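*Asks:* sequence plus the predicted model coming up.
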Amino acid sequence: MSDNKPTLLWLRRDLRLSDHPALCAALDQGAPVIPVFILDDCAEALGAAPKWRLGLALEHFAQVLEARGSRLILRRGDALDVLRDLVRETGAGAVHWSRLYDPAAIARDKAVKSALKEDGIDAQSHAGHLLFEPWTVETKEGGYYKVYSPMWRAVKDRDVAAPLPAPKDLRAPEAWPASDDLADWRMGAAMNRGAEVCLPYQQVGEEAAQERLAWFTRESIDRYKTRRDLPGIDGTSNLSENLALGEISPAQCWHAGLRALHEGAGGAETWIKELVWREFAYHLIYHTPQIATRNWREKWDDFPWNEDGSTAEVTAWKQGRTGVPFVDAAMREMYVTGRMHNRARMIVASYLTKHLMTHWRVGQAWFDDCLTDWDIASNAMGWQWAAGSGPDASPYFRIFNPETQLEKFDPDGNFVRAWIAEGYDTPSDTALSYFDAIPRSWGLSATDSYPRPALELSEGRERALNAYQERSF
DNA sequence: GTAACGTTGGA
DNA sequence: CCAACGTTA
């Protein structure tokens, strides 16, 4: 250890102190640790809402580090160039980071690692973003899982290492390298919506995430199995944005879920299974990176999708004015809160890809722009699942009916009342807030009458079924 | 090779 | 029941 050359901790989607293998490994070198975040092309390319939410996360995490005598160094540019600059400026001898699994990150990290090693720098990547590294889960045939249930059975009884405690001493160096000012990065610049409307819905940082996890596993997980299906109530863990940015680790969730399970909470296993869905998405994107950009099943390539994201129908879908209440409520919920209930995601995805026969990439791109819990693997898998082009996908003839879904899962109308203002004498505050959030250019007003559907549900369903059948699916 | 199975449904 | 085939063991 060392001649006291500092160690760089390259942070990306691991903005936490507890259960952070890369941070612990960096500290174990015995030298000062310099945490750094790099705004590179990967981060620059984020959609409006996820980029804004990342900015909130960085602002918060920088404060957390400062409160412990450390700092978050912010730099902009090509990751390798920046890391080399920092090595030169600080005399660092090592760089540690937590692995990511999407193709762009893998390509970048691979190049960074080999270049740094050539420079004589100790470059090390670590686990932490997933429960199970994708190359450690195999079918008996030696392949990767393409169906969820067998994967679940293969991992459910595995041991997951107990979460690491947050280090007490973050080993600040005597001198810090220069840092950009976060405000200069203008992370919210593309939020041409009322960000102040969205702000109260963001659950920023490790402490808030841990509090939520503790509350959820204590008070709510027991009834998760049934309540998770109701978009009008607070029945889910609501930890997706924190998981996406690594403000909480999946292992912390896994162990909290297991604890609840052992204490007899009925819904705990169902929730743990959802964590494994996240794993499944990452294993798929690792083994088949094209899942993020192309039909996972190539036979869908010649299906006559509408690929135009600016048609009147698709614009109405994006703006939450299709005239289908479940769809519109969900799209407005996403626009205001940055998140959408899981069941609602299935409904809007089914409606877009089936009733509107629009390519899942159009929906994926809009979610890329709007979700503060945006996660490349889950988003890609979810869209392909809904469209029918993905692994373990819903069959083509499974077309969600947004009306019967509403009767089943929003029987009291809580969800619709929360997000639709038109037609109510006293609309809810949340429903009204949508009109404060949207850009003026959309030309919508809460006093408009609720739109009539441009497309009858039965008509859309028939059209889609016929198109599928014609192609002899 | 065989056979069972498949997150979330609709009518 | 629909209608169906790839995945898995």
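*Replies:* Right, received. Where do you want to start? Numbers count the residues shown, from 1 in each chain, chains lettered A, B, ... in the order given.
*Asks:* which parts of chain A sit against DNA strand C?
*Replies:* Counting by C-beta under 7 Å from any atom of the strand, the residues of chain A close to DNA strand C are A:139-141, A:143, A:145-147, A:150-151, A:153-154, A:391, A:395, A:397, A:473. Bear in mind the C-beta positions are built from the backbone N, C-alpha and C, glycine included.
*Asks:* give me the longest strand you can find in chain A.
*Replies:* strand A:33-39 (DSSP state E).
*Asks:* that one packs against which elements?
*Replies:* For strand A:33-39, the elements it packs on are strand A:7-11, helix A:21-28, strand A:73-76, helix A:79-90, judged by 3 or more C-beta pairs under 8 Å, 6 or more residues apart in numbering; DSSP states H and E.
*Asks:* can I get it in PDB, CA atoms only?
*Replies:* C-alpha atoms of strand A:33-39 as PDB (Å, rounded to 0.1, in the frame of the first residue of the first chain):
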ATOM      1  CA  VAL A  33      -9.600   8.700  -2.000                       C
ATOM      2  CA  ILE A  34     -10.900  11.300  -4.500                       C
ATOM      3  CA  PRO A  35     -14.500  10.700  -5.600                       C
ATOM      4  CA  VAL A  36     -15.100  12.000  -9.100                       C
ATOM      5  CA  PHE A  37     -18.100  12.200 -11.400                       C
ATOM      6  CA  ILE A  38     -17.500  12.700 -15.200                       C
ATOM      7  CA  LEU A  39     -20.100  14.200 -17.400                       C
END
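*Asks:* tell me the strands beside that strand, with direction?
*Replies:* strand A:7-11 (parallel), strand A:73-76 (parallel) (DSSP bridges).
*Asks:* if you count neighbours, what's buried in the last one?
*Replies:* By neighbour count, with 16 or more other C-beta atoms under 10 Å as the criterion, the buried positions of strand A:73-76 are A:73-75.
*Asks:* can you list the residues you listed in TSV and add pLDDT and distance to A:A105?
*Replies:* Below are the buried residues of strand A:73-76 laid out as TSV (pLDDT from 0 to 100; distance: C-beta to C-beta, whole Å):
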residue	pLDDT	distance to A:A105
A:I73	99	20
A:L74	99	19
A:R75	98	17
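*Asks:* now the stretch 151-300 of chain A against DNA strand B: closest residue?
*Replies:* A:W277 (4.1 Å; C-beta to the nearest atom of the strand).
*Asks:* would you mind measuring from the closest residue in space to that residue that isn't next to it in sequence to A:R158?
*Replies:* Closest residue to A:W277 apart from its sequence neighbours, by C-beta to C-beta, 6 or more residues apart in numbering: A:Y148 at 6.7 Å. Relative to A:R158, A:Y148 is positioned 16 Å away (C-beta to C-beta, to the nearest Å).
*Asks:* can I get the helices and strands packed on strand A:33-39 in TSV including distance to A:E206?
*Replies:* Below are these laid out as TSV (distance: least, C-beta to C-beta, whole Å):
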stretch	distance to A:E206
strand A:7-11	13
helix A:21-28	12
strand A:73-76	19
helix A:79-90	24
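*Asks:* now those in a markdown table, with distance to DNA strand B?
*Replies:* Listed next are those as a markdown table, based on distance: least, C-beta to the nearest atom of the strand, whole Å:
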| stretch | distance to DNA strand B |
| --- | --- |
| strand A:7-11 | 29 |
| helix A:21-28 | 27 |
| strand A:73-76 | 36 |
| helix A:79-90 | 33 |
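*Asks:* so for A:Y148 and A:R158, which residue has more residues nearby?
*Replies:* A:Y148 (19 against 11; other C-beta atoms under 10 Å).
*Asks:* tell me the spacing between that one and A:I347.
*Replies:* 20 Å.
*Asks:* next: A:A329.
*Replies:* 9 Å.
*Asks:* okay, these two: which has more neighbours?
*Replies:* A:A329 (31 against 25).
*Asks:* would it be right to say that the more buried one lies in a helix?
*Replies:* Yes. The assignment for A:A329 by DSSP: H, G, I helix; E, B strand; the rest coil puts it in a helix.
*Asks:* in this structure it contacts A:N414, no?
*Replies:* No. At 9.9 Å, A:A329 does not count as touching A:N414 under the criterion of C-beta atoms under 8 Å.
*Asks:* which residues does A:S428 contact?
*Replies:* Counting by C-beta atoms under 8 Å, 6 or more residues apart in numbering, A:S428 touches A:417-419, A:421.
*Asks:* now do the phi/psi pair for it.
*Replies:* Per-residue torsions, A:S428: phi -70, psi 160 (degrees, to the nearest 10).
*Asks:* and it, what pLDDT?
*Replies:* Note on A:S428: pLDDT of 98.
*Asks:* ok but A:Y282 is inside a helix, no?
*Replies:* Yes. Applying three-state DSSP, one finds A:Y282 inside a helix.
*Asks:* and it, how many neighbours?
*Replies:* So A:Y282, with other C-beta under 10 Å, has 25 neighbours.
*Asks:* surely it meets A:Y101?
*Replies:* Yes. Using C-beta under 8 Å, A:Y282 is in contact with A:Y101, at 5.0 Å.
*Asks:* now do the shared contacts for these two.
*Replies:* With C-beta under 8 Å, 6+ apart, A:Y282 and A:Y101 have common neighbours A:129-130, A:134, A:377.
*Asks:* show me where pLDDT drops low in chain A?
*Replies:* Along chain A, segments meeting pLDDT under 70 span A:1-3, A:472-473.
*Asks:* try it again at 80.
*Replies:* Low-confidence segments of chain A (pLDDT under 80): A:1-3, A:393-395, A:470-473.
*Asks:* quick one: closest of the helices and strands packed on strand A:33-39 to A:C42.
*Replies:* When the helices and strands packed on strand A:33-39 are compared by C-beta to C-beta, helix A:79-90 sits nearest A:C42, at 8.0 Å.
*Asks:* contacting residues around that closest one?
*Replies:* Applying C-beta under 8 Å, 6+ apart, the contact partners of helix A:79-90 are A:6, A:8, A:10, A:34, A:36, A:38, A:40, A:42, A:73, A:75-76, A:92, A:95, A:108, A:111-112, A:115-116, A:119, A:121, A:173, A:177-178.
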